[in-house]
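*Asks:* Please find the sequence and the predicted model below.
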Protein chains: 2
Amino acid sequence: MAPPIQLTPQQIQRITRALADPNRFEMLRKIHAHPSLSCGNTCSDMTVSPATASHHIRELEMADLITVTREGRYRILEPRHDVWRAYLAELRKF
Amino acid sequence: MAPPIQLTPQQIQRITRALADPNRFEMLRKIHAHPSLSCGNTCSDMTVSPATASHHIRELEMADLITVTREGRYRILEPRHDVWRAYLAELRKF
DNA sequence: TATCTATTTCGATGGCTGTCGAAATGTTCG
DNA sequence: CGAACATTTCGACAGCCATCGAAATAGATA
């Protein structure tokens, strides 16, 4: 299986910040629940402009919480389970 | 043993916000690692004023992440393990 | 090529929040 | 009581960030 990931303090900090926004929190939940959604579908039930949605997606990506790949004219969002698991492992140390 | 706690979306949101500040994040880690510290000892290695420290402690308390009790002229900070466990359980649902 | 759709970039803005100094509150002790 | 210590409250401020509209980019399709 995939080797476990060790997060740096900076990465942990980035992830925590990324989760702090309610819209991003819900987006990540949805991305985990329904992998391979496009940006539009992921944000369809959010009341934000495309510009704002794009900004949030970038934040999630820069926190390594998701990967974004081109698929035709869409962008597909997928969760990084390894990073998420590593983040939970960090919090469990508390 | 203590019954498990079910967090409301608002509580989850409050906790996530409380963790978003690096100083609070470290404070909570320290409170978990060394229960029964006073405010001053908890924040001793932070480079913030007493006023700022007090503000952060209030945020952690309002997020139900810690309890604060008087002990003479000190205030003792203690982690709420039940809430923390419930929060981790929520994130694990992702 | 022209057009339509999906998404990003840019620039600006308003609100939130982390921060502080100073004054106040609460507590112990002499 | 009065001094010393721990912490909080108040008021203000600066920087960050979520948000948007408008324009730009990228890809599919006709």
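*Replies:* Received, thanks. Numbering: from 1, shown residues only, chains lettered A, B, ... in the order given.
*Asks:* show me the contacts for the residue in chain A positioned nearest to chain B.
*Replies:* Going by CB to the nearest CB, chain B is nearest to residue A:20 of chain A, at 3.6 Å. In short, each C-beta sits where N, CA and C put it, glycine included. Counting by CB atoms under 8 Å, 6 or more residues apart in numbering or on different chains, residue A:20 touches B:16-17, B:19-20.
*Asks:* Now do the strands in chain A.
*Replies:* A:37-38, A:66-71, A:74-79 (DSSP state E).
*Asks:* Can you give me the distance of the closest residue in space to residue A:17 that isn't next to it in sequence to residue A:15?
*Replies:* Nearest non-adjacent residue to residue A:17, counting by CB to CB, 6 or more residues apart in numbering or on different chains: residue B:20, 5.5 Å away. Applying CB to CB, to the nearest Å, the value for residue B:20 to residue A:15 is 10 Å.
*Asks:* now, which of the contacts of residue A:20 sits nearest chain A?
*Replies:* residue B:20 (3.6 Å).
*Asks:* Who are the contact partners of the residue in chain A that DNA strand D sits nearest to?
*Replies:* Closest to DNA strand D within chain A is residue A:51: 3.1 Å, counting by CB to the nearest atom of the strand. Residues counted as contacts of residue A:51 (CB under 8 Å, 6+ apart): none.
*Asks:* Pull up the gap between it and residue A:58, please.
*Replies:* 11 Å.
*Asks:* Same check on residue A:6?
*Replies:* Taking CB to CB as the measure, residue A:6 falls 24 Å from residue A:58.
*Asks:* out of the two, which sits in the busier spot?
*Replies:* Per other CB atoms under 10 Å in any protein chain shown, whichever of residue A:6 and residue A:58 has more neighbours is residue A:58, with 12 against 9.
*Asks:* Touching, residue A:36 and residue A:78? I think so.
*Replies:* Yes: counting by CB atoms under 8 Å, residue A:36 touches residue A:78, with 6.2 Å between them.
*Asks:* which residue packs closest to residue A:4, ignoring adjacent ones?
*Replies:* Nearest to residue A:4 is residue A:86, by CB to CB, 6+ apart, at 6.6 Å.
*Asks:* Done for today, thanks.
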